[in-house]
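*Asks:* predicted model and sequence follow; I will ask about them next.
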Amino acid sequence: MANAKVVAGATRLKQTIRVLNDHWMLTEATWTDSVRKRFEDRHLAPLSSAVESAVIGLQKLADVLDQVRRDCSDRSESL
(Lines give C-alpha, C1' and ligand atoms only; values in the text may rest on other atoms or scores of the structure.)
Protein backbone atom coordinates (compact mmCIF):
# COMPACT_ATOMS: atom_id res chain seq x y z
CA MET A 1 0.00 0.00 0.00
CA ALA A 2 2.99 2.33 0.15
CA ASN A 3 2.57 3.16 -3.51
CA ALA A 4 -1.09 4.10 -2.94
CA LYS A 5 0.08 6.61 -0.36
CA VAL A 6 2.66 7.96 -2.80
CA VAL A 7 0.02 8.38 -5.50
CA ALA A 8 -2.35 10.00 -3.00
CA GLY A 9 0.40 12.40 -1.96
CA ALA A 10 1.09 13.33 -5.58
CA THR A 11 -2.62 13.94 -6.16
CA ARG A 12 -2.87 16.08 -3.05
CA LEU A 13 0.18 18.06 -4.13
CA LYS A 14 -1.36 18.74 -7.55
CA GLN A 15 -4.65 19.81 -5.98
CA THR A 16 -2.88 22.08 -3.51
CA ILE A 17 -0.90 23.89 -6.20
CA ARG A 18 -4.15 24.37 -8.16
CA VAL A 19 -5.80 25.92 -5.10
CA LEU A 20 -2.77 28.14 -4.54
CA ASN A 21 -2.86 29.31 -8.16
CA ASP A 22 -6.61 29.95 -7.94
CA HIS A 23 -6.13 32.06 -4.82
CA TRP A 24 -3.21 33.86 -6.42
CA MET A 25 -5.36 34.82 -9.41
CA LEU A 26 -7.84 36.43 -7.02
CA THR A 27 -5.13 38.82 -5.83
CA GLU A 28 -4.79 40.22 -9.34
CA ALA A 29 -7.85 42.41 -8.89
CA THR A 30 -6.38 44.28 -5.94
CA TRP A 31 -2.61 43.82 -6.18
CA THR A 32 -1.18 44.99 -9.47
CA ASP A 33 2.20 46.54 -8.71
CA SER A 34 5.71 45.39 -9.55
CA VAL A 35 6.10 43.68 -6.17
CA ARG A 36 3.33 41.26 -7.09
CA LYS A 37 4.98 40.49 -10.42
CA ARG A 38 8.36 40.00 -8.76
CA PHE A 39 6.83 37.68 -6.15
CA GLU A 40 5.15 35.66 -8.87
CA ASP A 41 8.35 35.41 -10.91
CA ARG A 42 10.59 34.55 -7.97
CA HIS A 43 8.36 32.25 -5.99
CA LEU A 44 5.23 31.00 -7.73
CA ALA A 45 6.57 30.28 -11.20
CA PRO A 46 9.43 28.11 -9.89
CA LEU A 47 7.09 26.43 -7.44
CA SER A 48 4.75 25.26 -10.19
CA SER A 49 7.54 23.64 -12.19
CA ALA A 50 9.02 22.11 -9.02
CA VAL A 51 5.65 20.59 -8.17
CA GLU A 52 5.37 19.16 -11.70
CA SER A 53 8.79 17.56 -11.33
CA ALA A 54 7.93 16.22 -7.88
CA VAL A 55 4.69 14.67 -9.14
CA ILE A 56 6.53 12.96 -11.99
CA GLY A 57 9.10 11.66 -9.52
CA LEU A 58 6.40 10.41 -7.17
CA GLN A 59 4.68 8.58 -10.02
CA LYS A 60 7.97 6.91 -10.95
CA LEU A 61 8.51 5.99 -7.30
CA ALA A 62 5.06 4.41 -7.16
CA ASP A 63 5.94 2.33 -10.25
CA VAL A 64 9.18 1.17 -8.64
CA LEU A 65 7.36 0.25 -5.43
CA ASP A 66 4.84 -1.77 -7.47
CA GLN A 67 7.69 -3.61 -9.17
CA VAL A 68 9.44 -4.31 -5.87
CA ARG A 69 6.22 -5.63 -4.40
CA ARG A 70 5.70 -7.93 -7.41
CA ASP A 71 9.29 -9.14 -7.30
CA CYS A 72 9.12 -9.87 -3.57
CA SER A 73 5.81 -11.70 -3.84
CA ASP A 74 7.15 -13.79 -6.76
CA ARG A 75 10.21 -14.70 -4.70
CA SER A 76 8.16 -15.75 -1.65
CA GLU A 77 5.94 -17.95 -3.81
CA SER A 78 8.94 -19.85 -5.16
CA LEU A 79 10.30 -20.66 -1.68
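*Replies:* Now that the structure is in, tell me what you want to look at.
*Asks:* could you use CA atoms for every contact and neighbour count after this?
*Replies:* Fine.
*Asks:* how about the lowest-mean-pLDDT helix or strand in the chain: buried residues?
*Replies:* Every helix and strand of the chain was ranked by mean pLDDT, DSSP states H and E. The lowest is helix 45-78, at a mean of 90. Residues 48, 51-52, 55, 58-59, 61-62, 65-66 are the ones in helix 45-78 that count as buried (16 or more other CA atoms under 10 Å).
*Asks:* JSON lines for those, including distance to Q15?
*Replies:* Output for these, formatted as JSON lines (distance: CA to CA, whole Å):
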{"residue": "S48", "distance to Q15": "12"}
{"residue": "V51", "distance to Q15": "11"}
{"residue": "E52", "distance to Q15": "12"}
{"residue": "V55", "distance to Q15": "11"}
{"residue": "L58", "distance to Q15": "15"}
{"residue": "Q59", "distance to Q15": "15"}
{"residue": "L61", "distance to Q15": "19"}
{"residue": "A62", "distance to Q15": "18"}
{"residue": "L65", "distance to Q15": "23"}
{"residue": "D66", "distance to Q15": "24"}
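*Asks:* who are the packing partners of the least confident helix or strand of the chain?
*Replies:* Judged by 3 or more CA pairs under 8 Å, 6 or more residues apart in numbering; DSSP states H and E, helix 45-78 is in contact with helix 2-27.
*Asks:* ok and the helix it packs on relative to helix 45-78, angle-wise?
*Replies:* 170 degrees (axes from the mean of the first three to the mean of the last three CA atoms, to 10 degrees).
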